[in-house]
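1. Predicted structure and sequence below. I'll ask about it afterward.
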Amino acid sequence: MFGSGKIKIKRDLYERVKIFAERAGYSSVEEFIEHTLEKEIAQVKGSDSEDETRKKLRGLGYIS
C-alpha cells in the first residue's frame, strides 16, 4: 500500500460498512472500501465524456 492517507467517514456509516464487509466475506473494512472504489472508478473511466464523468462524481459526492 503506497499511501497513508486517511479518509473520514461518519461513524454510523463505518459501522454499517463493517457489518456488510464481514457478511460479504471481506477480510477488512479497508478491503471492502478499496474494492468498491475500484469498481466505481472502472465504471466512471468507461464513460464517454469528461462532462459526464464530472456529473457522476458530483452525484456521488466526490467533487463539488
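-> Happy to help now that I have it.

2. Can you read off the pLDDT for the most centrally placed residue in the chain?
-> Of all residues in the chain, the one closest to the mean position by Cα atoms, centre = their mean is Leu37, 3.5 Å from it. Leu37 carries a pLDDT score of 91 in this model.

3. And it, how far from Glu50?
-> Distance check for Leu37 against Glu50: by Cβ to Cβ, to the nearest Å, it reads 20 Å. (Glycine included, C-beta is placed from N, CA and C.)

4. so how far is the one helix or strand in the chain whose mean pLDDT sits lowest from its chain's centroid?
-> Here the helix or strand of the chain ranked lowest by mean pLDDT, DSSP states H and E is helix 50-60, holding a mean of 82. A distance of 15 Å separates the centroid of the chain from that of helix 50-60, by Cα atoms, centre = their mean, to the nearest Å.

5. same thing with stretch 45-59?
-> The answer for stretch 45-59 is 15 Å, by Cα atoms, centre = their mean.

6. what does it contact?
-> Under the criterion Cβ atoms under 8 Å, 6 or more residues apart in numbering, residues 44, 63-64 lie in contact with stretch 45-59.

7. By neighbours, which of the residues you listed wins?
-> Within these, neighbour counts (other Cβ atoms under 10 Å) peak at Val44, which reaches 15 neighbours.

8. so that one is in which element?
-> Assigned by DSSP states H and E, Val44 falls within helix 29-45.

9. ok so, going back, TSV please, covering the contacts of stretch 45-59 and showing pLDDT and distance to Arg54.
-> As requested, these are arranged in TSV below (pLDDT from 0 to 100; distance: Cβ to Cβ, whole Å):
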residue	pLDDT	distance to Arg54
Val44	73	10
Ile63	83	7
Ser64	76	11
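
10. Distance to Arg11 added to those, as TSV?
-> Below are the contacts of stretch 45-59 laid out as TSV (distance: Cβ to Cβ, whole Å):
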residue	distance to Arg11
Val44	27
Ile63	24
Ser64	23
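
11. nearest to Ser28, of those?
-> Checking those against Ser28 by Cβ to Cβ gives Val44 as the nearest, at 24.2 Å.

12. who's in contact with the closest one?
-> 53, 56-57.

13. what about it, distance to Leu57?
-> Taking Cβ to Cβ, one finds Val44 at 7 Å from Leu57.
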